[in-house]
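Undergrad: only geometry, no sequence info:
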Ligand code: SF4
């Protein structure tokens, strides 16, 4: 199977295509964003095809033969982990997830992007010292010797989040934003991001982005406190989210995305200095020749008529034109921002505990 991917948000700034790495395939649906899961559609096409990688369709399958794959890549790249599954699915054993993290610790030259809808298990595992002991154990037992930099990896495992691992949660609507974002903020991570795709409704994230700095009680930055300064405390607050990806749904049963949902996210990011990446419109695009009566009239009959929403004048009729024709311009602009590298950071949970 090809390792490179055309997924735009995995490419490097110099244009190097990203890679996907699937040490697990298959999954089960958990929320509205899963309704038309592209991975399921792809995998199920091959169910029953003898000898095919997806002979078992989308059944959850561990792929230990693929665990070492990133260790064979010489050139640094961005890697979307588990594009065909969810690493924190309940049927994947802790020890197996620990192996995946051990490989990422060793393959420090690559940057791994992990996206999950199983926020609770991610938070529980990555906040647990015993899990990190398991990572170290799995690394020593199974992967040492295939790379010489286990010592460097050991340093990474010294109580800080892995600097080359970005953690993200899927946020398709406000309901899941209010559940998954707090869990993400409570998970130790070098960099945190949201994937708002498929975007199925308006999402307000501003209240989550900046959190009171618990080192300085909102008075900082406290120059005498290493943690406060290194965390980038500004005016007594820290920015806890680094990147937002937004996009509409593709596929023949795709649901349309009202433009104001995407522009609102862009504007919230802009106001809070968060990098914003607009991936695609998906199957539906704004109707450029239609009438705008001030209400988002979506072709499938759903409407959103919230007078309190900012940018309500942006609401337009949507038309099914296909993913390629719809493109990825938002207000006639590409939005391709990637997050700036940051130092590993703790979580809101750790901070509260440390007080
Ligand atoms: S969590 Fe992701 S991989 Fe799993 S069913 Fe949902 S969309 Fe598909």
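TA: All right, it came through fine. Everything numeric here is computed off the predicted structure, so don't read it as measured data.

Undergrad: drop to CA atoms for contacts and neighbour counts, all remaining ones
TA: Fine.

Undergrad: just checking, residue 161 touches residue 187?
TA: No - Residue 161 lies out of contact with residue 187 (Cα atoms under 8 Å); the separation is 9.3 Å.

Undergrad: helix or strand: which one has the most centrally placed residue in the chain?
TA: With distances taken as Cα atoms, centre = their mean, the residue of the chain nearest its centroid is residue 168 (3.1 Å). Per DSSP states H and E, residue 168 falls inside strand 165-170.

Undergrad: do that strand and the ligand meet?
TA: No - counting by Cα under 6 Å from any ligand atom, the ligand is not contacted by strand 165-170; separation bottoms out at 8.5 Å.

Undergrad: for residue 142, give me phi and psi.
TA: As for residue 142, its main-chain torsions (degrees, to the nearest 10) stand at phi -110, psi -20.

Undergrad: related to what we said a few turns ago, next, the contact list for the residue nearest to the centre of the chain, please.
TA: 113-116, 184, 192-195 (Cα atoms under 8 Å, 6 or more residues apart in numbering).

Undergrad: partner residues bridging it?
TA: Counting by DSSP bridges, residue 168 forms beta bridges with residue 115, residue 193.

Undergrad: and it, how far from the ligand?
TA: Look at residue 168 and the ligand: by Cα to the nearest ligand atom, to the nearest Å, they are 12 Å apart.

Undergrad: any idea how far apart the tips of stretch 15-26 sit?
TA: 30 Å (Cα to Cα, to the nearest Å).

Undergrad: chain center to that stretch: distance?
TA: In terms of Cα atoms, centre = their mean, to the nearest Å, the centre of stretch 15-26 is found 13 Å from the chain centre.

Undergrad: do a quick rundown of the helices in the stretch 151-300 of the chain.
TA: Per DSSP state H, counting those that start in this stretch, the stretch 151-300 of the chain carries helices over the ranges 174-185, 206-209, 226-230, 259-272.

Undergrad: what sits up against the second one?
TA: For helix 206-209, contacts defined as Cα under 8 Å, 6+ apart pick out 181-182, 239-241, 268-269, 272.

Undergrad: 7 Å - rerun?
TA: 239-241, 268 (Cα atoms under 7 Å, 6 or more residues apart in numbering).

Undergrad: with mean neighbour count added, can I get the helices of the stretch 151-300 of the chain in a markdown table?
TA: Conversion of these to a markdown table gives the following (neighbours: other Cα atoms under 10 Å):
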| stretch | mean neighbour count |
| --- | --- |
| helix 174-185 | 18 |
| helix 206-209 | 14 |
| helix 226-230 | 16 |
| helix 259-272 | 19 |
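
Undergrad: redo those helices as a markdown table? Include mean pLDDT and distance to residue 326.
TA: Output for these, formatted as a markdown table (pLDDT from 0 to 100; distance: least, Cα to Cα, whole Å):
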| stretch | mean pLDDT | distance to residue 326 |
| --- | --- | --- |
| helix 174-185 | 97 | 25 |
| helix 206-209 | 94 | 28 |
| helix 226-230 | 66 | 42 |
| helix 259-272 | 94 | 12 |
